[in-house]
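Undergrad: Below are the sequence and a predicted model for it; my questions follow.
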Amino acid sequence: MRRWTESDIPPQHGRVAVVTGTGGLGFEDALALARAGCDTIIAGRNPRKGAEALEKIRSHVPNAKARFELLDLAEIASVAAFAEKMTREHERLDILINNAAVMVPPTRKVTADGFELQLGTNYLGHFALTAYLLPVLRRSPASRVISVSSVAALQGVIAFDDLNAERAYRPMVSYAQSKLACLLFAFELQRRSIAAGWRIASIAAHPGLSRTDLIHNGAGPDSIQGRIRTYLPFLFQSASRGALPTLFAATAPEAKPGGYCGPNGLGGIRGYPGAAKIPSRALDESVAARLWEISEKLTGVRFIDQAPVPSEPSPDPGTILPHQQILGLAQPG
């Protein structure tokens, strides 16, 4: 693939995007989309950080169509309230970037709904958000849902017998599980979109190793990961470069539904957007279907064309194309 950069983003005038997360990669995504003329909603749980992000965006793009909206992915009620407002205020939603994340808090924490914090924020909150936004996503003739995974997903395992790490909590194990879950969700969403005729393109992306505050905010600056981030910055590419795979997935005409995009150099940890290595576990459709059904039960929402209702046994999704037919640019590895 050629060296795709932000300058290759097609004009986004008249389009609407939601990006979760106010800093790091989320900020870079929002800034690039605003530069391209997109009506961009930055969604996060900290109004101060949201205001700071908007101020920075407007310093680069004075006429940016951008605003902040309150969204706490660690609370399903907040997710529902945010989605209700988006559905009421917007005729369409063209891009949903499920980006915000928590990484390796040293001790086990839980969300407002009792989920392990990384699983609840990184995956379950975004699962519910996508479900709640399904009606407004379907109003767009060509909407895209971008699920941000991680190279950590290569080591991920879905521990169905201890999904919320109640028996044993290991920070990186739980993080890797949450990011594998995001990847399984992206592929399963594409299969179900095809089967149900939703016309939603689901694409996954990961940023490689990028210089953001994710590690410092999670494990802390004095942790092993935090010290690596602080004292070996050359191992990490810039946040703006790390955002490119997500922006490619969100805007590039050549991005394929069901694909997985990441940096194309140094084993996928840095470089320009290219095909990302797919963990073999992410291709297990039975695991994806089981995780989907459990996620519906845990969050209390399911994917229907109107506002989601308390989950019930999932209907037969119909014929699902094999992953080889829908994974686009990505190759299994």
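TA: It's in.
Undergrad: So which residues of the stretch 101-250 of the chain form strands?
TA: Using DSSP state E, counting those that start in this stretch, the strands assigned to the stretch 101-250 of the chain run over residues 143-148, 200-205.
Undergrad: which regions of the stretch 201-333 of the chain lie under the pLDDT threshold?
TA: Applying pLDDT under 70 to the stretch 201-333 of the chain flags residues 210-236, 305-333.
Undergrad: Mind jotting down where the helices sit in it?
TA: For the stretch 201-333 of the chain, applying DSSP state H, counting those that start in this stretch gives helices covering 214-218, 224-231, 239-242, 244-251, 285-299, 323-326.
Undergrad: Tell me which of the strands of the stretch 101-250 of the chain sits nearest to residue 181.
TA: strand 143-148 (9.4 Å; CB to CB). C-beta: built from backbone N, CA, C; applies to glycine.
Undergrad: Each with direction, which strands does that closest one pair with?
TA: strand 95-98 (parallel), strand 200-205 (parallel) (DSSP bridges).
Undergrad: if we compare those, which one ends up closest to residue 174?
TA: Using CB to CB, the nearest of the strands paired with strand 143-148 to residue 174 is strand 95-98, at 18.0 Å.
Undergrad: you'd agree residue 290 is up against residue 181?
TA: No - with contact defined as CB atoms under 8 Å, residue 290 does not count as touching residue 181 (11.4 Å).
Undergrad: Same drill for these two, tell me which one is more crowded.
TA: Neighbour count, other CB atoms under 10 Å: between residue 290 and residue 181, residue 181 has more, with 28 against 14.
Undergrad: Contacts only, for that one.
TA: Residue 181 makes contact with 119, 122, 123, 156, 158, 291, according to CB atoms under 8 Å, 6 or more residues apart in numbering.
Undergrad: can you pick the most crowded of the residues you listed?
TA: Across the contacts of residue 181, neighbour numbers were computed from other CB under 10 Å; residue 122 holds the maximum, 30 neighbours.
Undergrad: Quick check: nearest residue in space to that residue, chain neighbours excluded?
TA: In space, and not counting its chain neighbours, residue 122 is closest to residue 178: 4.0 Å by CB to CB, 6 or more residues apart in numbering.
Undergrad: re the thing from before, now render the contacts of residue 181 as JSON lines, adding distance to residue 51.
TA: Below are these laid out as JSON lines (distance: CB to CB, whole Å):
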{"residue": "119", "distance to residue 51": "29"}
{"residue": "122", "distance to residue 51": "24"}
{"residue": "123", "distance to residue 51": "28"}
{"residue": "156", "distance to residue 51": "35"}
{"residue": "158", "distance to residue 51": "37"}
{"residue": "291", "distance to residue 51": "36"}
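Undergrad: if we can go back for a sec, hang on, isn't the residue nearest to residue 122 packed against residue 119?
TA: Yes - applying CB under 8 Å, one finds residue 178 in contact with residue 119, separated by 4.9 Å.
Undergrad: now the strands of the stretch 101-250 of the chain in TSV, with mean neighbour count and distance to residue 264?
TA: As requested, the strands of the stretch 101-250 of the chain are exported to TSV (neighbours: other CB atoms under 10 Å; distance: least, CB to CB, whole Å):
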stretch	mean neighbour count	distance to residue 264
strand 143-148	27	17
strand 200-205	28	12
